[in-house]
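> the amino acid sequence is not available; the structure is as follows:
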């Protein structure tokens, strides 16, 4: 999943799929956009809004009509798409259609063939890409009309209509062709067996020296790539900039990169030696690519580099091991330094208060808690109540903040647990905008001033402890029911409350006068909530529906019984 856009009422999910040959070269790249009805409204980025592939205001340069045979959907099912919507009249009616409709990708194929036959002489090898928006369905037996406009020799804008209904079914569509029929790139030739042996094994410094030589000999070809790449290597740390527009290679960040690649020095060398597949490194999270992701495809020019350039660089280095990469050892508490940097950014950006959320990071091994409260514009050490709580080990947190671990992978493997307002965690993307240099300067200043987030902070300082909060709420509830037995009759059921972090269980029997006891029992409704969020459920103005929608409160069993929890109001 490459993007998720918030379209207000609905959500738009963009999925990208790449297919490779046996050598790891990209053969095809698919981009699928899916509209998920009712899943929007979390306040995220709306995404691009401009119209694309809009036909010009003139008659088409070419038009093709083709009748879709009545059995076309049944034939297309033989490709493996067995969705009964396209074959079963009863299923089609259940989905609101008069009869089975044609597969969207089948319509896609008809349209693509019309364009290829008209503007590429029917040669599919010239076909480079296609992009469309499905606007309506096609029914087998209807006539498909494809109208085409030639923007250039290699780009055709088109749309498709159903003749019988004069309805647009494919819009915002375009096909691109290759200038020349592509050929499989030749693999780089191995170094000659007769070449003199290098005095040492190549290291990453030698690779970049070799790239320098390649840039010098192929400067015009390199300049046409027109992108700036930065390699950020770790263990040991080093940074290298490949400035293709100027055909230069330099250590450090000489210019702002279009595309940044992050991986360990060892993985980089394995990748260069052909021992590691770049795509496998990328898919496993060992290789991180940020910025212009598509630009990374242009790095295939490195495959054309003469390996002898690297060997010569190793030989010239003479086994000295090269200059060691600069690696500043962190001082003080590394985790605290990270949050000091975040604190500086949060305090300097008043616009962040519009996000209106608070985040609690609970780290383990060793244990520590850190609060980012965007409502108040502050960052502090210690526990507390937050809209969204994130739990992970300190090691995984450090790997995540250094870019060596992917947050989504940590989450999907259970190493990162998110509770409370899970959707709020999407708003943590503001952390990506923090300038590392500015953060480092802020940390240095804080250290020089003797400032520390840990000074005087204790886990849960200023907060009611978890065990006390649960006891307070349910002991208070028992006292309230004893004083007013009529409250129990308003619900008339047994409710099971399971409290987590720390764990405790409470039986609230409202079938009689009202009795609260600790433990488990068969209940009409089971409610699960973190102890830290009991203050919201039993506060001055509890909003049960909102807590449920945010994922803070889990309800199993009779949902109706959870609608009336007013008897908890004001107990926290």
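Here it is on my side, so go on. None of these values were measured; they are calculated from a predicted model. Numbers count the residues shown, from 1 in each chain.
> what sits against residue 122?
residue 116 (CB atoms under 8 Å, 6 or more residues apart in numbering). C-beta: built from backbone N, CA, C; applies to glycine.
> 6 Å instead, please
Not one residue lies near residue 122 by CB atoms under 6 Å, 6 or more residues apart in numbering.
> gap between it and residue 152?
Distance of residue 122 to residue 152, given as CB to CB, to the nearest Å: 20 Å.
> got it, and residue 516?
Note on residue 516: its distance to residue 152, by CB to CB, is 76 Å.
> of those two, which one has the most company?
Between residue 516 and residue 152, counting by other CB atoms under 10 Å, residue 516 is the more crowded of the two (21 against 8).
> helix, strand, or coil at the more buried one?
Secondary structure, DSSP: H, G, I helix; E, B strand; the rest coil: residue 516 is strand.
> the nearest residue to it once chain neighbours are set aside: helix or strand, and which one exactly?
Spatial nearest neighbour of residue 516, excluding adjacent residues (CB to CB, 6 or more residues apart in numbering): residue 478 at 4.2 Å. Applying DSSP states H and E as the criterion places residue 478 in helix 466-483.
> contacts for that helix?
487-488, 499, 502, 504, 506, 514, 516, 531, 534, 538, 571-572.
> let's see it at 7 Å
Helix 466-483 is contacted from outside by 487-488, 499, 501-502, 504, 506, 508, 513-514, 516, 531-532, 534-535, 538, 567-568, 571-572, using CB atoms under 7 Å, 6 or more residues apart in numbering.
> flag every buried residue along it.
By neighbour count on 16 or more other CB atoms under 10 Å, the buried set for helix 466-483 is 466, 469, 470, 472, 473, 474, 476, 477, 480, 481.
> check stretch 436-454 too.
439, 442, 443, 446, 453, 454.
> average pLDDT for it?
Here stretch 436-454 scores 78 as its mean pLDDT.
> same thing with stretch 250-270?
The model assigns stretch 250-270 a mean pLDDT of 87.
> now what about that stretch, what contacts it?
204, 227-236, 239-241, 243, 276, 281, 286-292, 295-296, 403.
> in PyMOL, how would I select the buried members of those residues?
Burial among the contacts of stretch 250-270 is assessed by 16+ other CB under 10 Å; the matching PyMOL selection reads:
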select buried, resi 204+227+228+229+230+231+232+233+234+239+240+241+243+276+281+286+287+288+289+291+292+295+296+403
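> state the helix or strand in which the spatially closest residue to residue 431 that is not a sequence neighbour lies.
Using CB to CB, 6+ apart and skipping the chain neighbours, the partner closest in space to residue 431 is residue 342 (6.8 Å). Under the criterion of DSSP H and E, residue 342 resides in helix 334-347.
> quick one on the thing from earlier: can you tell me how far the residue nearest to residue 516 is from residue 498?
Residue 478 sits 18 Å away from residue 498, going by CB to CB.
> how about residue 10?
34 Å.
> quick check: closest non-adjacent residue to residue 407.
Among residues not flanking residue 407 along the chain, residue 400 sits closest, at 5.6 Å (CB to CB, 6+ apart).
> sorry, that was for residue 92
Per CB to CB, 6+ apart, closest to residue 92 is residue 100, 4.6 Å.
> just residue 145 next, same as before
Distances taken as CB to CB, 6+ apart put residue 161 closest to residue 145, at 4.6 Å, once the chain neighbours are dropped.
> for the one you found, give me its contacts.
145, 167, 168, 169.
> how about residues contacting the helix holding residue 342?
With CB under 7 Å, 6+ apart as the test, helix 334-347 has contacts from 330, 352, 363, 368, 370, 372, 374, 377, 379, 394, 397-398, 401, 431, 434, 439, 442-443, 446, 452-454.
> chain center to it, what's the gap?
23 Å (CA atoms, centre = their mean, to the nearest Å).
> quick one: buried residues of it?
335, 336, 337, 338, 339, 340, 341, 342, 343, 344, 345, 346.
> ok, and for the following helix or strand past it, which residues are buried?
Using DSSP H and E, the helix or strand that directly follows helix 334-347 along the chain is strand 358-364. For strand 358-364, burial by neighbour count (16+ other CB under 10 Å) applies to 358, 359, 360, 361, 362, 363.
> okay, those residues in CSV with distance to residue 118 and pLDDT next?
Below are the buried residues of strand 358-364 laid out as CSV (distance: CB to CB, whole Å; pLDDT from 0 to 100):
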residue, distance to residue 118, pLDDT
358, 59, 86
359, 55, 89
360, 60, 90
361, 58, 90
362, 61, 89
363, 61, 89
